[in-house]
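[1] need a structure here:
(2 chains)
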Amino acid sequence: MGKARFSVNGVMLVAIVFAALLLFFSLVMVDKADRRVVGEYYPIEGTKLGIRYTTLEPSGLCEGSRNTAVLKVEGTFGHDWGMALEGDALYVNEYTVTDLGITMCKLVRIDLGTYEKTTVLNDALLRGRCASGELVCMEGAFLPVDRPEENPLCRLYRMSEGAFVRERQGTAVLFLDPGTGRVLRRVWDENAYGDDFETRWIDRTMEEAAP
Amino acid sequence: MKFGSENKGLTGGTLALYIWQLCALLPLLYVVGCAVQLLDATRGGGFFGWLFGVGVCAMPRAEALALSLAYRLTAHEAVVCLAPALLALIVGLFLVKPLKCGGKTARLTRVAIVALWTVDLLAGLLPLAVNTVFGWEAALPGMAIRLACLALTAADLIADRRTK
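    Okay, the predicted model is just below:
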């Protein structure tokens, strides 16, 4: 056998192929082999609607009870962090999960008459309504990451968000008008993921929390 | 290692290319570690998270921004982190020969590389989120790597001028 020549291109090729195979087997094949069945249904109070999350059928907003639910708007919605009904509109979080399990959120508004879904805010997590009725959101939230400002993948994601402005520390807490979805106030919070978020932002009026 | 376009073999320019290529593997290392569950993607990342940051900071700013946009649009870490490694391989396959062949082609290739790295380094000095999002602990080594690539390639051009 002749002398093998060291080549960085060769090393790159081997590394890429090896990495691609590892990623394929650990992300794609393991996912396909996962046979866990999830089927959950969360009724929305005051309506005939509910949020269905299941691995058997498409998830989304449904009409009816758990056993008779008819899918109206498809999507992975969440009610646990925050949801708000405003007249004929439902404000709810919609989630996208990445390959490695980081969940990105956006705030959507669903018209309960036409079942039309519109994105109100990208990269925002609805936490609920404050005492004066405005919607309270966290901007740039990732789940289940506790400190996204230190997580390398979250940092990569945030690099293109406001890439040409000076970066601020902490997370922006937004107050939105529930009628129009317009941002009324933006306040920076360095401890937005703390356990006292509700005490500081939800239990107070907008004027008290963000004077 | 020698400097100058007339030398065929390992020169400053080819070494700079190799450094840039190997740095493109750093983000992939972190993603593979998370995929095989040796690392936790939802935590801070530790040493390998720092390496991920250094790898992204060692990329030209336009490439880093494109990587971030691709991640934002696709939500697939695996694909997004394979892309810079593939790009580095493709660029390496095309650039190694012009850099090693010597003569006017090598000289012009080096001039283009030096110009691009200079613009990139100047853009990297601006106090914007795209430059500071990974913090100083990753941004400084990343900038040092880009500066080293510029210096190595520029050394070849300087050696060329001296031999003329």
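[2] Pull out the buried positions in the lengthiest helix in chain A.
    Assignment by DSSP state H gives helix A:8-23 as the longest helix of chain A. By 16 or more other CB atoms under 10 Å in any protein chain shown, the buried positions in helix A:8-23 come out as A:Val8, A:Asn9, A:Met12, A:Leu13, A:Ala15, A:Ile16, A:Ala19, A:Ala20, A:Leu22, A:Leu23. (Each C-beta comes from the backbone N, C-alpha and C, glycine too.)
[3] wait, doesn't the last one sit right on B:Val32?
    What that stands for is A:Leu23. Yes - here A:Leu23 lies in contact with B:Val32, judged by CB atoms under 8 Å, at a distance of 6.4 Å.
[4] The most centrally placed residue in chain B and chain A: what is the separation?
    Centroid-nearest residue in chain B: B:Trp20, 3.5 Å away (criterion: CA atoms, centre = their mean). Distance, B:Trp20 to chain A, by CB to the nearest CB, to the nearest Å: 10 Å.
[5] That residue and B:Gly55 touch, don't they?
    No - B:Trp20 is not in contact with B:Gly55 according to CB under 8 Å; the separation is 10.5 Å.
[6] in chain A, which ranges drop under the pLDDT threshold?
    Confidence mapping of chain A against pLDDT under 70 gives the ranges A:1-6, A:30-36, A:162-170.
[7] give me the element residue 80 is part of.
    Picked chain A for this. Per DSSP states H and E, A:Asp80 falls inside strand A:77-86.
[8] My question was about chain B, not that one.
    For B:Val80, the element it lies in under DSSP H and E is helix B:77-101.
[9] report the longest helix in chain B, please.
    Chain B, longest helix under DSSP H: helix B:136-163.
[10] The longest helix of chain A relative to helix B:77-101, how many degrees between them?
    Helix A:8-23 runs at 170 degrees relative to helix B:77-101, counting by axes from the mean of the first three to the mean of the last three CA atoms, to 10 degrees.
[11] Helix or strand with the lowest mean pLDDT in chain B?
    helix B:129-132 (a mean of 83; mean pLDDT, DSSP states H and E).
[12] if we can go back for a sec, how about the strand holding A:Asp80 and chain B, touching?
    No - Strand A:77-86 does not reach chain B (CB under 8 Å from any CB of the partner chain); its nearest approach is 15.9 Å.
[13] tell me the SS of A:Lys106?
    Three-state call for A:Lys106 (DSSP: H, G, I helix; E, B strand; the rest coil): strand.
[14] close enough to count as contact, it and A:Leu126?
    No - counting by CB under 8 Å, A:Lys106 sits too far from A:Leu126 to count as a contact (9.5 Å).
[15] Quick check: neighbours shared by those two?
    Common contacts of A:Lys106 and A:Leu126 (CB atoms under 8 Å, 6 or more residues apart in numbering or on different chains): A:Asn93.
[16] Mind checking which of these two has more residues around it?
    A direct count of neighbours by other CB atoms under 10 Å in any protein chain shown for A:Lys106 and A:Leu126 places A:Leu126 higher, at 28 against 17.
[17] how much does the helix or strand where the more buried one lies deviate in direction from strand A:77-86?
    Here A:Leu126 sits within strand A:124-129, counting by DSSP H and E. Using the same axes, to 10 degrees, one finds that strand A:124-129 and strand A:77-86 are set 50 degrees apart in direction.
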